[in-house]
Structure formats: structure tokens, C-alpha cells
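Undergrad: I'd like to go over a predicted model; first the sequence, then the structure.
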2 protein chains.
Amino acid sequence: MALEHAILVSLLEKPGSGYELARRFERSIGYFWTATHQQIYRVLKRMESDGLLAVRALPQQSRPDKKEYSVVGPGRAALSQWLHEPIEPESIRHELAVKIRGAAFDDPSVLIREVERHRQVHSDRLAHYLAGELRDFTGPTALTPLDAGQELQHVVLRGGIAFERMTIAWLDDVLETLRRLGTPHPDS
Amino acid sequence: MALEHAILVSLLEKPGSGYELARRFERSIGYFWTATHQQIYRVLKRMESDGLLAVRALPQQSRPDKKEYSVVGPGRAALSQWLHEPIEPESIRHELAVKIRGAAFDDPSVLIREVERHRQVHSDRLAHYLAGELRDFTGPTALTPLDAGQELQHVVLRGGIAFERMTIAWLDDVLETLRRLGTPHPDS
DNA sequence: CTTGGCTATGCAACGAGTTGCATAGCAGGA
DNA sequence: TCCTGCTATGCAACTCGTTGCATAGCCAAG
């Protein structure tokens, strides 16, 4: 159900089409909640028929109409209500961790390349987040002072940065452990 | 599909019934991959009919038979094959982050209690992980030296510990930000 | 003595999320 | 010229995961 609320937040920040939302979900919002265009279109349709959103068809030349969605009263109320409800603290769901434990029953060296690849992805993501932070929040071109919405966006981004840094450090720990296990114990 | 592989790893570490697996998923394995008993029973049944697992019915007095599952050849092969396949590095899916950005459109103070509650949960989890680490890996009663499987379990647990520490620090950052926004800006 | 919790398994229905495919014209590179 | 990729939307089929419920006897607490 959180996709609905993520969409409400995103559309409150700025109205847009399903396609635009899908691209936002590849960027800022999607740093902590992913969604494909399929899900988004389906949920948008449902939310509109539930009266949470309003559509405005923008005709375009030689393309299907762009449907711009925006939040209306009941949508805002639904978001507000959700914000007042407690949610379950979530646990990590880390497939790689399953693989690491599984490596005990297979050649650990095949995992090393996989872990290195993941490390690279997280390292790239970190660089991407840091560039975004510099551009929007801490760099010379950033607006000062920031308004409340921007402060909140920044603290969420700091969470993403902290997550990637932690993950990279852990993957280094994993690599060291795998390499240690790969070499026949040197002290016996 | 990762549940299947998590079950294979867990059953290779030690055979057991669906019920026992469900409880392991509340403990060690479940620190990074959650599953309810429903999913587990369903998947066990499918895996058995696919020939990945063998069942042995252990009769018990005044209780339904316990079905002890163990991994057989094709199951081991399936795990091994999966370990050689690359997986997508996963992103976080953090509902709380959606709420935090949503707080820009509502009273931020209602979020403070929620964030404090989450902080408490993560703090409890950290204590739980640290107790497990002391018991199984770093304490005086731990076996030394550890075998490869235990080393890998330990490095995964260290990942859980790092995750909880990072999360707690971030939630403190969030709380500070929310409180700062709650007080009317003191310098103007 | 009754209520709730534990072991142990399972069905049914639903909602969330993924994957493959389809349309359709335009722009840019090999 | 053909192929790829972008904008923009959508259907269909599937798997994954959650929730509610059911059985059934045992044990401990109130």
C-alpha cells in the first residue's frame, strides 16, 4: 500500500504524468521506494477512480495525450491519515546475504566476483547521491535557506548516503572474509 | 525466488520441519530474509514435488506428524547453480522514508513519535544481534577456530549489526531535523 | 476451569510486484 | 537504411507475499 502514498507525496511535490512519475521513481523517490511504470499506471488509474487524484489530458503532437495527475482533497486526506498510522519497522531483505551463507556449500571464490560487482554498483550509487546532494543541498548553487520540504528531502538523501557507505564497508568486510577462507589457513 | 534458496541454505545447515524453518526465519536467516509459515509450507511442498527435497515423517504422540525435510542431490545442484548466477543489487525499500518526505504536507510533530518508536525497535534488534554475536562468535564459549560456514554466518551477522547501527544514527539525524523544523526558526 | 499460548500443518482469497508484450511516431547513429 | 532508443500508455499472465481462518491436543497461568 505504500506505493499509493509514495505517489501522493511525489504528486504533491509536483503534479505529473505516469511516465514522469516512473522516471522520478528511478531517481529521488525511487532511492527508497522502487516501482515500474506498470505498477504506477495501474495504481494511478485506481487512485483516480477512487477520487484521490484528478487528471488533466494534455494533447501533444504525434504522441498519445499526456495525462497529468494531481492530488485533490480526498487524496491529501488519505495521505494525512496514513501519516498518523503507525507502520511496521521493516527488516532488510538481502539476497546477497543468502548467497554468502550459501557459499559454505560451494566454492567461495565464485562469490568474490559477484560481491565485487555489487560493491561497484553501490559505489556508483553513492557517487550519484553525493552529486545530487552537492547540486541540491550543499553546493554553492543550492538555495539557502532551505524550506521544510527540502530539509526533509535532504535528510532522506543523507539516509541513502549512509546506507550506501555502510553497505560498501560491509562488502569490503565480506570480501576480506571470503579471501581469507579461500587461502588455505596460513598458521598450521 | 530467493525464498527457495534461503530454504535450501537453511536445510543444508540443518534439516528440519516447516515449523522449525519458520522459527529460524524469525531468528538468524530471517535477519535478512523474512518469511511466514504459510509461504514456507507452500514452497516446501513445491520443492518436494520438484524433487529438490526429501521428506521423512516423524510420528509424534498426540500431535500431527512432523515432516522433516532435507536437501537431496537436485536441490544441492539448484543451489549451486543459483550461486553462480548474478543477482540484481537491491535497493532499500523504506516506508518510513516516504513518510518523512510526506511530513512536509502535514504536521511534522506527529512523525517524531513514530520515528522514536522505530529507533527503539532498531536499538532492540541491535542488542539482540550483539548478544548473538557474543554467544556464537566472539564470546569465551564460542568455538575456536570457526569453520568456514560459521565465518560466513558471522560476516552476515556483522552486516546486520552495521545496518542497525547505521539506521539508528540516521534516525537520530531525522529526529534532530524534525525537531529543528518544529521550532520556529530562532534566527529571524 | 477457562483462557491463552505453544507445537504443527494447511486452505483460500487477496494484494503487491514482475515480465513480456504491444502500439506508435520521432530522432539519431552505424 | 535499419536499428536502437525515447516518449507515453496500456493489457495479460504470472509469481510472491500477506491475512484470516481452521484443526487439534497439550500445558501453564490466572
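TA: Perfect, thanks for sending it. Note that the structure is a prediction, hence the values are computed from the model and not measured.

Undergrad: pretty sure residue A:66 belongs to a strand, no?
TA: Yes. Counting by DSSP: H, G, I helix; E, B strand; the rest coil, one finds residue A:66 located in a strand.

Undergrad: Give me the distance between it and DNA strand C.
TA: Note on residue A:66: its distance to DNA strand C, by CB to the nearest atom of the strand, to the nearest Å, is 12 Å. Placement of C-beta: from N, CA and C, glycine included.

Undergrad: Also residue A:146?
TA: Computed with CB to the nearest atom of the strand, the distance linking residue A:146 and DNA strand C is 30 Å.

Undergrad: how about the nearest residue to the most centrally placed residue in chain A, chain neighbours excluded?
TA: The centre of chain A sits closest to residue A:31, judged by CA atoms, centre = their mean, with a distance of 2.0 Å. With sequence-adjacent residues excluded and distances taken as CB to CB, 6 or more residues apart in numbering or on different chains, residue A:31 is closest to residue A:160, at 4.7 Å.

Undergrad: now for whichever strand or helix holds the one you found, which elements pack on it?
TA: Using DSSP states H and E, the element containing residue A:160 is helix A:148-182. Helix A:148-182 is packed against helix A:109-133, helix B:95-102, helix B:148-182, with contacts defined by 3 or more CB pairs under 8 Å, 6 or more residues apart in numbering or on different chains; DSSP states H and E.

Undergrad: per-residue confidence averaged over that helix?
TA: The average pLDDT within helix A:148-182 is 93.

Undergrad: and the angle for that helix with helix B:148-182?
TA: Here the directions of helix A:148-182 and helix B:148-182 differ by 170 degrees (axes from the mean of the first three to the mean of the last three CA atoms, to 10 degrees).

Undergrad: what angle sits between helix A:148-182 and helix B:109-133?
TA: Orientation check (the same axes, to 10 degrees): helix A:148-182 against helix B:109-133 gives 10 degrees.

Undergrad: in helix A:148-182, what counts as buried?
TA: A:148-149, A:151-168, A:170-171, A:174-175, A:177-178, A:181 (16 or more other CB atoms under 10 Å in any protein chain shown).

Undergrad: same thing with stretch A:101-113?
TA: Using 16+ other CB under 10 Å as the test for burial, stretch A:101-113 gives A:101-106, A:108, A:111-112.

Undergrad: where's the dip in pLDDT among those residues?
TA: residue A:108 (85).

Undergrad: re the thing from before, right, and the helices and strands packed on helix A:148-182 - which one's nearest DNA strand C?
TA: Closest approach to DNA strand C among those is made by helix B:95-102 (9.3 Å; CB to the nearest atom of the strand).

Undergrad: any low-confidence regions in chain A?
TA: Within chain A, the segments meeting pLDDT under 70 span A:59-64, A:184-188.

Undergrad: Contact residues of it facing DNA strand D?
TA: By the rule CB under 7 Å from any atom of the strand, the part of chain A lying against DNA strand D is A:17-20, A:22-23, A:37-38, A:41-42, A:44-45, A:60, A:63-67.

Undergrad: Let's see which of those residues end up in helices.
TA: Among the residues of chain A next to DNA strand D, the members found in helices (DSSP state H) are A:18-20, A:22-23, A:37-38, A:41-42, A:44-45.

Undergrad: Quick check: closest non-adjacent residue to residue A:36.
TA: Spatial nearest neighbour of residue A:36, chain neighbours left out: residue A:22 (7.1 Å); criterion: CB to CB, 6+ apart.

Undergrad: Just to check, residue A:31 is in contact with residue A:129?
TA: Yes. Counting by CB atoms under 8 Å, residue A:129 is a contact partner of residue A:31 at 7.2 Å.

Undergrad: returning to what we had before: contacting residues for the residue nearest to residue A:31?
TA: Residues counted as contacts of residue A:160 (CB atoms under 8 Å, 6 or more residues apart in numbering or on different chains) are A:31-32, A:125, A:129, B:92.

Undergrad: Tell me the one of those residues nearest DNA strand D?
TA: For those, the nearest to DNA strand D is residue B:92 (15.3 Å; CB to the nearest atom of the strand).

Undergrad: hang on, the closest one is in a helix, isn't it?
TA: No. With the criterion set as three-state DSSP, the secondary structure at residue B:92 is coil rather than a helix.

Undergrad: still on that earlier bit, which of the ones in helices among the residues of chain A next to DNA strand D are buried?
TA: Among these, those buried by neighbour count (16+ other CB under 10 Å) are A:18, A:20, A:22, A:41, A:44.
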